[in-house]
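In: Turn this into a model:
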Amino acid sequence: MYLLKSEFIRAFTAKSFYFSLVFGLILCFIGFIDYGLPGPWLIPTVLLNTDAYSAFEYAYGNSIFALFAPLLATLPFAGSLASDRESNYLKYVLLRTSKKVYIQSKTIANALVGGGTIAGVLLVSLLASLVLYPVTPTVPPPAVGAFADLRVDFPLLYCLIICGLGFLFGATYATLGLACSTFLKKRYTTVIAPFLLYILLLFVADNLAQITGVDWLTSLQPIASLVPFSSTSNTAWLVLSPMVALLGVSLLILHNWTLKDRDHAS
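Out: The predicted model follows:
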């Protein structure tokens, strides 16, 4: 319990955590600017609502925030195992506790800070949109992708579900980054590796959909897990299952690391 508390404090007091939060909010603010800041010049059209929920969707889902979200999730603490190894702090800790307890504590803290970063940015952005924009839509909102019925009937609940997906998304990619640190030695490589995988899968799924003409392949893009309205083919299963699979593989890698001899941790 002491080690978990220590890892928790390290994760949530790291400068990189606050940097990720601020940078994520800046990216969403750029999305609000692109959507159109509130005022008499913001005129609704058939394709553009000027309500708070549509502004929130656009600010995070149609901006570069959704592209850099994996990097924002891994930056705070995913590279801490590599840092502990480089500084020899890992050897000191393993003299006092087991690798299993160490990695469990680090995994929990890392997942919470990674998920908290993405969910925190989304919640602040949602609150900002509710303050800045009217709640009532100017035209009926489109029902697209996973949880579409909730978007029409319970838009606030729908946006809160998106924030929950953001937490799961951030926790998943943060855990993937931590798993990468079991075989990647440098901190910066463990931080950027999940982001590069995300971009690669995004590119592959998009090109497969274009080449084959099969629309549902766009739902295999990893961005669909964060932006459920990114494709008309998105379903709750297609949104959640990739994150569950990725999280499961990452946890398996971490578990396998704990089974290795202690000397291999150095």
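
In: From now on I want contacts and neighbour counts done on CA atoms only, so please keep to that.
Out: Will do.

In: where's S219 relative to V227, distance?
Out: Separation of S219 from V227 (CA to CA, to the nearest Å): 10 Å.

In: Neighbour count: the two, which is higher?
Out: Taking neighbours as other CA atoms under 10 Å, S219 and V227 compare with S219 leading, 25 against 21.

In: my read: the more buried one touches S231, true?
Out: Yes: here S219 reaches S231: they are 6.2 Å apart, a contact under CA atoms under 8 Å.

In: any idea which element G166 lies in?
Out: G166 belongs to helix 155-180 when assigned by DSSP states H and E.

In: And the average pLDDT for that helix is what?
Out: Mean pLDDT, helix 155-180: 96.

In: where do the strands sit along the stretch 51-200 of the chain?
Out: Along the stretch 51-200 of the chain, no segments are classed as strands by DSSP state E, counting those that start in this stretch.

In: Okay, now the unreliable bits of it?
Out: Confidence mapping of the stretch 51-200 of the chain against pLDDT under 70 gives the ranges 138, 140.

In: now the helices: where do they sit in it?
Out: 52-61, 65-74, 80-86, 89-94, 99-132, 148-153, 155-180, 187-212 (DSSP state H, counting those that start in this stretch).

In: For the longest one, name the packing helices and strands.
Out: For helix 99-132, the helices and strands in contact under the criterion 3 or more CA pairs under 8 Å, 6 or more residues apart in numbering; DSSP states H and E are helix 2-13, helix 15-35, helix 52-61, helix 65-74, helix 155-180, helix 236-259.

In: To L132, which of those helices lies closest?
Out: helix 52-61 (7.3 Å; CA to CA).

In: now the helix holding G166, how far from the centre of its chain.
Out: The chain centroid and the centroid of helix 155-180 are separated by 5 Å, computed with CA atoms, centre = their mean, to the nearest Å.

In: Same question for stretch 118-138.
Out: That offset, for stretch 118-138, works out to 18 Å (CA atoms, centre = their mean).

In: CA-only coordinates of it in CSV, if you can.
Out: Extracted C-alpha coordinates of stretch 118-138, given in CSV (Å, rounded to 0.1, in the frame of the first residue of the first chain):
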residue,chain,number,x,y,z
ILE,A,118,-7.7,12.5,-21.1
ALA,A,119,-10.9,12.5,-19.0
GLY,A,120,-9.8,15.7,-17.3
VAL,A,121,-9.3,17.5,-20.5
LEU,A,122,-12.7,16.3,-21.8
LEU,A,123,-14.6,17.2,-18.7
VAL,A,124,-13.1,20.7,-18.6
SER,A,125,-13.9,21.1,-22.3
LEU,A,126,-17.4,19.9,-21.8
LEU,A,127,-17.9,22.4,-18.9
ALA,A,128,-16.5,25.2,-21.0
SER,A,129,-18.9,24.4,-23.9
LEU,A,130,-21.8,24.3,-21.5
VAL,A,131,-20.8,27.8,-20.2
LEU,A,132,-20.0,29.3,-23.5
TYR,A,133,-22.7,27.9,-25.8
PRO,A,134,-26.5,27.5,-25.5
VAL,A,135,-27.7,24.0,-24.5
THR,A,136,-30.6,23.8,-26.9
PRO,A,137,-29.6,22.8,-30.5
THR,A,138,-30.5,25.0,-33.3
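
In: This completes my enquiry, with thanks.
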